[in-house]
Every structure is written in structure tokens, then in C-alpha cells.
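[1] got a structure for you, letters missing:
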């Protein structure tokens, strides 16, 4: 019954078993989604809308750091781990649900405000669905923060009008311990004012060919960056510098290319005007170094109407 979202349990099969299968199917869809995230970062504007009508939305967070080996952090697709989770073994007869996320990120990048939509066969209570998913997701570093019912034409990716990213940079000589894998450490002192001056050249509508990966599949390098904020705050043994970027969508490696270039400005290797020169060159070779993914977080996605 598409109108009510209710599907009766199979004859002789408890309804809770059918619900368990649906939860497992959603988990398998999340696994496939996160595995794609580990392979490449695609521009959110790419792709085609799946041929489904979506009514459930989840706000979730996912850590890019999934484990350790030999004392060093390793980054991998969570989907490969999730496929071996007992929740999936119990759902061999349930097909995976189609999960559509607001965007995909590189391996090692974190998400604290990722949004996904899924077509549900049953009329779940949002709270109960969130609790069920979190129970079966353990111990993976993925957590459902909120669940909401949405209109059939709502899509996590194509309905989004804004995406927000945070990049954490720690400036200190001592290695990171608690934030290892969660921030980028640099040892040199950075000039925050110079970085702000360099970032000002990137605000607005521009051709960002210089600041996108050569593997980027976006049809156009033209994007509009609405905001690049740079703030500093105390940090044990040094200080933390936070970059916040806001735009409707971003190109492959665009945020990491921008932060890596601005770090060179802060270190004195580039001048703020060099950022403008690089942008106008429209040549990937003119870009500064691409910073590591450790400090990058997808912190939020905006929609025309409030979802959660």
C-alpha cells in the first residue's frame, strides 16, 4: 500500500521479522553508499536521480578513521567492513535498499551532518527506525542522529541548496594524540590574516579548474563559494585553525585544494595575490598542495525547508 507505506507480513512470518529484514536492507544500502565514498569524491551535482520516490530521511555521522594497524591509522571504505556485520548475515533474503546521500567524500574524510534518503516499505516510527539502525550499525563508526519522514519528491542530494564543510588544522610541533586522524598538523607558524586575504579571492562565482582534481567528473568547473571563514582558537601546545566553507556544491578535491593552498599563504610561501593568479590561470598545475583528508568534515546540508 504505497499511500500508507504499509506492507503486510508474509503468511506465517512474524511482522517483526519483516521489519528486521527492512532494517538490514537499509544497512546494506548504507554500506554500499559508504564504500563508494571511500573510492572517490564526486561533485554532488553529478549523477542521475534513482527511479524511486523517497519518504524517509536520516541525518547521520560517519568517521573516516575506521581502525588502526601497526600503530598507524588506516582509512578504508566502511562498506567492506559492514558487509561482514552479523546484521547483514541475518538478511540474506532481503534486497538492499536504495540509499541516496547528499554527497560523497574521500576516504579519511569525516561526516557529522551527512543526510541520506531511503524508500521505506513500512510505516516506521522515525525514532524506532533510528534506534534499530544504530543497534545494528555497532561497532562501525556510523551513527544515525535523526530520522524524519519527508515528501515523496524530497531527495537528499538533488533537493540540497547548500553544503557546509569544516577543516581542522592544528599548528604545533608535538605530534597529535587524541586528534590523530581527525586533524591536519603543521609545525610552522601561520599568518591567519594573510590566509583570509588569500581566501577573499575565491569567494563568489569562478572557474575553479585550478582547484579541482584532474579526475573530477563535473561537467563544468564553475562554482559559487558563498563563504570561507578562518578562525583560530587555543589548542594544547599550539593553536587550532578552523576553515569553514559553504556552497551549493563542491568539485572533486576542491576544499582540500583550497585549504592546502591557503596553508602555503599562511606559511609565507605564497602571497595572497598568488591565490588570485592561480585561480585566473585555470590550470591544475598552478594549484598549491592538496592537504590530507584527516581534518575535513561534512558538517551540514541545507534544504529549502527544514527537515530535522
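    Cool, got the structure. Since we're looking at a predicted model, the values are computed, not measured.

[2] quick one: residue 133 is in a helix?
    Yes. Read with DSSP: H, G, I helix; E, B strand; the rest coil, residue 133 is one of the residues of a helix.

[3] can you count the residues close to it?
    Residue 133 has 21 neighbouring residues, counting by other Cβ atoms under 10 Å. Any C-beta I mention is one placed from the backbone N, CA and C, and that applies to glycine too.

[4] where does the closest residue to it other than its chain neighbours land in three-state SS?
    Of all residues not flanking residue 133 in the chain, residue 144 sits nearest, at 4.8 Å (Cβ to Cβ, 6 or more residues apart in numbering). Three-state call for residue 144 (three-state DSSP): strand.

[5] Who is residue 144 paired with across the strands?
    residue 60 (DSSP bridges).

[6] how about residue 273, phi and psi?
    For residue 273, the backbone dihedrals are phi -70, psi -30 (criterion: degrees, to the nearest 10).

[7] And it, how far from residue 157?
    In this structure, residue 273 and residue 157 are 37 Å apart, going by Cβ to Cβ, to the nearest Å.

[8] More neighbours: which of the two?
    Using other Cβ under 10 Å as the criterion, residue 273 and residue 157 rank with residue 157 on top: 21 against 12.

[9] The more buried one against residue 99, yeah?
    No. Under the criterion of Cβ atoms under 8 Å, residue 157 makes no contact with residue 99, lying 10.7 Å away.

[10] Confirm residue 194 sits in a helix?
    Yes. Secondary structure of residue 194 (three-state DSSP): part of a helix.

[11] Excluding residues flanking it in the chain, which one is nearest it?
    residue 265 (5.2 Å).

[12] Thought residue 130 was touching the residue nearest to residue 133, still the case?
    Yes. Because the distance of 4.6 Å satisfies Cβ under 8 Å, residue 144 is recorded as touching residue 130.

[13] Centre of the chain to the longest strand belonging to the chain, how far?
    What stands out as the longest strand in the chain, according to DSSP state E, is strand 222-235. Remark: strand 222-235 is offset 17 Å from the chain centroid, using Cα atoms, centre = their mean, to the nearest Å.

[14] next helix or strand past it?
    Using DSSP states H and E, the helix or strand that directly follows strand 222-235 along the chain is strand 238-247.

[15] I'd like to know which elements whatever helix or strand comes next after that next one is packed against.
    Note on strand 238-247: by DSSP H and E, the next helix or strand toward the C-terminus is helix 254-267. In terms of contacts (3 or more Cβ pairs under 8 Å, 6 or more residues apart in numbering; DSSP states H and E), helix 254-267 is packed against strand 162-171, strand 184-186, helix 192-200, strand 222-235, strand 238-247, helix 272-281, strand 296-302.

[16] Summarise which helices and strands the longest one is packed against.
    Contacts defined by 3+ Cβ pairs under 8 Å, 6+ apart place strand 222-235 against strand 162-171, helix 192-200, strand 204-207, strand 238-247, helix 254-267.
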